[in-house]
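Student: Got a predicted structure plus its sequence, pasted below:
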Amino acid sequence: MEVKCNTRRRSLLKDRNDITAFRHHRDRHVGHAISNEYYQQAPFFFTRECSQLNLVGQYKGASAFLILNGPSLVSGNYDLSQLKRPGVITYGVNNGPATFRPTFWSCVDDPGRFLKSIWLDPAITKFVPHAHAEKPIFDNDTWSELKRDGQKVLVGECPNCIFFHRNEKFVADRWLFEDKINWGNSKQYGGCRTVMLPSLRILFLLGFRKVYLLGADFTMTEDYAYHFDEKREKGAVNCNMNTYKRLRDVYFPQLKPYFKEEGFEIFNCNPDSGLRDVFDFCSFEDAIANVTGSLGEVANERTWGMYCKPGEKDKTAHEPGAQEKKHLASLENRNKVLSAVKPQDISTGSSRSLPVRKTVQAPDRNQAPACNQALDRNQALDRNQALDRNQALDRNPQVSQEPVVRTTNLPSQEANGKGYRVLSVDNGTDGTDFSMSSKGRIIDQRTDTGIKQVSVQPEVERIEEIPQSPRPILNQVTGERKLIKHLPFKS
């Protein structure tokens with residue numbers, strides 16, 4: 001008889017009484033509360049297989065930054081590298097990680113609208129509606145559904161996904177305590193649904209009691225939309241503006257008394273926000289100080305003497321000088337190593353630099369944080385400290401500095417009897433794929449088997465801007481963009 005090991009199986013002859021008791025013995029969706037804390041809480045968070053994850057209160061009393069997607073985030077008024085400090089927890093929404101990679105993240109719309117890198121990043125804890133678990137992910141590199149081994153990749157297969165259940169009728173006196181997470185009203189009850197509502201509720205359930213808002217501009221035009229590259233048509237702008245108005249004038253004023261009763265404080269870090277009259281203002285610098293202050297001076301914390309036996313701390317209360325610490329000889333390179341460690345690039349959420357956008361005056365503001373004054377991601381790279389790969393590779397081809405060209409519409413392979421494929425021509429700094437002469441001709445093609453000589457004049461068939469090229473094209477050393485063109489080739 002063949003014995004199968006390490007295989008999960010269904011049990012045979014299940015006891016239906018246990019299953020019935022589990023499902024119907026009591027209303028397990030309400031739970032039992034004592035005072036303001038959940039003890040036998042309702043199940044709020046689930047795995048793909050519907051197993052309960054008990055996360056309520058895990059961050060009891062902590063603070064977090066809720067990063068929304070208004071352009072003010074990249075106005076230059078905020079040092080976003082401070083959000084990478086120890087003790088700082090961030091919560092992003094929708095495609096916001098294109099600018100800043102958060103600790104937590106949520107969406108409510110179809111998962112195909114959001115970056116592939118978010119879904120596949122295990123470092124981001126993703127709170128997602130359970131209805132999305134079996135939906136496919138869109139690959140914004142190939143501009144098609146993401147596939148692995150020929151199969152669609154589903155949300156439930158992505159790492160670090162936690163699922164929640166929604167409701168679609170907003171009632172203020174129930175909002176903090178009901179057993180499902182509300183995201184506004186359905187059309188039946190007047191409409192207005194937004195990812196901001198479940199994000200706040202999830203933060204409350206996790207135990208956070210202070211939330212600092214960033215990017216909560218609460219205003220939008222066709223030319224003033226997000227802190228990342230995305231276009232909004234007039235209809236979408238009007239829809240968003242109606243949502244902002246409903247939140248500002250109805251939802252939040254009704255919720256504030258219940259927030260106050262539970263000690264759930266929300267602060268706005270944007271003095272020009274449309275919510276400036278709803279939530280108290282707190283400067284970004286003060287918010288960072290409030291969040292990190294209890295940790296002390298992390299960079300210079302004393303470690304000497306901490307490993308002594310319990311009850312003998314008094315023996316190591318006096319720390320000797322460096323001359324007496326002979327063991328420091330083995331750590332002579334430590335300071336050099338630590339000094340070389342630079343804060344992470346605050347734009348790690350995307351390998352794409354923003355295109356230049358015209359300056360637009362935002363409504364009801366003296367001076368709008370225009371998108372073309374956004375954080376310069378290229379400057380975020382520390383070029384002086386970066387490895388000079390040209391010298392390392394001992395090659396420095398002369399190339400033409402042409403503008404970036406992108407296209408979504410590939411010419412038909414039957415068109416004009418020619419076949420086409422998308423090739424990338426780099427600027428000669430990182431040694432990938434192709435070199436290009438000053439006249440714009442490809443002079444060599446690097447393949448798995450070696451270098452094949454090619455002498456074909458590149459021809460641009462179409463020029464259209466798309467959100468992402470078919471491959472990563474940001475040079476990590478110089479931050480410059482590679483040239484994307486359609487090149488004819490012979491099959």
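Tutor: Everything's here; your move.
Student: what are the phi and psi values for the nearest residue to His130 once chain neighbours are set aside?
Tutor: Of all residues beyond its chain neighbours, the one nearest His130 is Phe163 (4.0 Å), with distances taken as CB to CB, 6 or more residues apart in numbering. Placement of C-beta: from N, CA and C, glycine included. Dihedral angles of Phe163 (phi, psi; degrees, to the nearest 10) stand at phi -110, psi 140.
Student: check contacts around Phe163.
Tutor: Contacts for Phe163 (CB atoms under 8 Å, 6 or more residues apart in numbering) come out as 45-48, 127-130, 132-133.
Student: among those residues, which ones are buried?
Tutor: The neighbour-count test (16 or more other CB atoms under 10 Å) applied to those identifies 45-46, 48, 127-130, 132-133 as buried.
Student: which residues in the protein form helices?
Tutor: 16-24, 116-120, 196-206, 234-246, 252-261, 284-292, 334-340, 377-380, 389-393 (DSSP state H).
Student: Make JSON lines from the ones you listed and add distance to Asn268 to it.
Tutor: Written out in JSON lines, the entries for those read as follows (distance: least, CB to CB, whole Å):
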{"stretch": "helix 16-24", "distance to Asn268": "44"}
{"stretch": "helix 116-120", "distance to Asn268": "25"}
{"stretch": "helix 196-206", "distance to Asn268": "13"}
{"stretch": "helix 234-246", "distance to Asn268": "13"}
{"stretch": "helix 252-261", "distance to Asn268": "11"}
{"stretch": "helix 284-292", "distance to Asn268": "10"}
{"stretch": "helix 334-340", "distance to Asn268": "36"}
{"stretch": "helix 377-380", "distance to Asn268": "26"}
{"stretch": "helix 389-393", "distance to Asn268": "44"}
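Student: quick one: which of those helices is nearest Phe267?
Tutor: Comparing the helices of the chain by their distance to Phe267 (CB to CB), the top pick is helix 284-292, with 6.7 Å.
Student: buried residues in the closest one?
Tutor: Under 16+ other CB under 10 Å, the buried positions of helix 284-292 are 284, 287-288, 291-292.
Student: do the same with stretch 270-278
Tutor: 270, 272-275, 278.
Student: Most widely separated two among those residues?
Tutor: Pairwise distances across those peak at 13.5 Å for Asp272 and Val278 (criterion: CB to CB).
Student: before we move on, back to that, determine which stretch of the helices of the chain is the most buried.
Tutor: Taking mean count of other CB atoms under 10 Å as the contact definition, the stretch among the helices of the chain with the greatest mean neighbour count is helix 196-206, which reaches a mean of 23.
Student: Next one: Val93, what pLDDT does it get?
Tutor: Among the per-residue scores, Val93 shows a pLDDT of 98.
Student: Return the distance of it relative to Leu331.
Tutor: Applying CB to CB, to the nearest Å, the value for Val93 to Leu331 is 43 Å.
Student: Compare these two (neighbour count), which wins?
Tutor: Val93 (23 against 10; other CB atoms under 10 Å).
Student: is it true that that one touches Gly70?
Tutor: No. Using CB atoms under 8 Å as the test, Val93 is too far from Gly70 to be in contact (11.2 Å).
Student: so what's the residue nearest to Phe204 when sequence neighbours are not counted scoring on pLDDT?
Tutor: Across the structure, with CB to CB, 6+ apart as the measure, the residue nearest Phe204 apart from its sequence neighbours is Phe264 (5.6 Å). The model reports Phe264 with a pLDDT of 96.
Student: Next: Phe22.
Tutor: In this prediction, Phe22 carries a pLDDT score of 62.
Student: go on, the one 4 residues further on?
Tutor: According to the model's per-residue confidence, Arg26 sits at a pLDDT of 52.
Student: same question, Asp121
Tutor: On the pLDDT scale, Asp121 is placed at 97.
Student: for it, what are its contacts?
Tutor: Taking CB under 8 Å, 6+ apart as the definition, contacts of Asp121 comprise 97, 101, 159-160.
Student: Now for the closest residue in space to Ala133 that isn't next to it in sequence, how many residues are close by?
Tutor: The spatial neighbour of Ala133 that comes closest, neighbours along the chain excluded (CB to CB, 6+ apart), is Gly156 at 3.9 Å. Burial of Gly156, expressed as a neighbour count using other CB under 10 Å, amounts to 16.
Student: From Arg334, how far off is Gly156?
Tutor: Counting by CB to CB, the gap from Gly156 to Arg334 is 44 Å.
Student: again with Gly305
Tutor: The spacing between Gly305 and Arg334, counted by CB to CB, is 18 Å.
Student: For the residue nearest to Pro271 when sequence neighbours are not counted, give the beta-bridge partners.
Tutor: Computed as CB to CB, 6+ apart, the closest residue to Pro271 that is not its neighbour in sequence is Phe281, at 5.6 Å. Beta-bridge pairing for Phe281 (DSSP bridges): Asn268.
Student: what sits against Phe281?
Tutor: 267-269, 271.
Student: For ChimeraX, write the select line for the buried members of those.
Tutor: Selecting the buried subset of those in ChimeraX, with 16+ other CB under 10 Å as the burial test, is done by:
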select :267,268,269
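Student: Nearest to Asp149 among the contacts of Phe281?
Tutor: When these are compared for distance to Asp149, the smallest value, 44.7 Å, is given by Cys269; criterion: CB to CB.
Student: which ones are touching the closest one?
Tutor: When contacts are taken as CB under 8 Å, 6+ apart, Cys269 is in contact with 78, 212-214, 281-284, 287.
Student: Run through the residues that contact Arg209.
Tutor: Contact partners of Arg209, counting by CB under 8 Å, 6+ apart, are 61-63, 263-265.
Student: Neighbour-wise, give me the winner out of those residues.
Tutor: With neighbours set by other CB under 10 Å, the maximum within these is found at Ser63, which has 21 neighbours.
Student: so where's this structure uncertain?
Tutor: Per-residue confidence for the chain (pLDDT under 70) gives these ranges: 1-12, 19, 21-41, 341-491.
Student: rerun that using 80 as the cut-off
Tutor: For the chain, residues meeting the criterion pLDDT under 80 lie at 1-41, 329-330, 332, 334-491.
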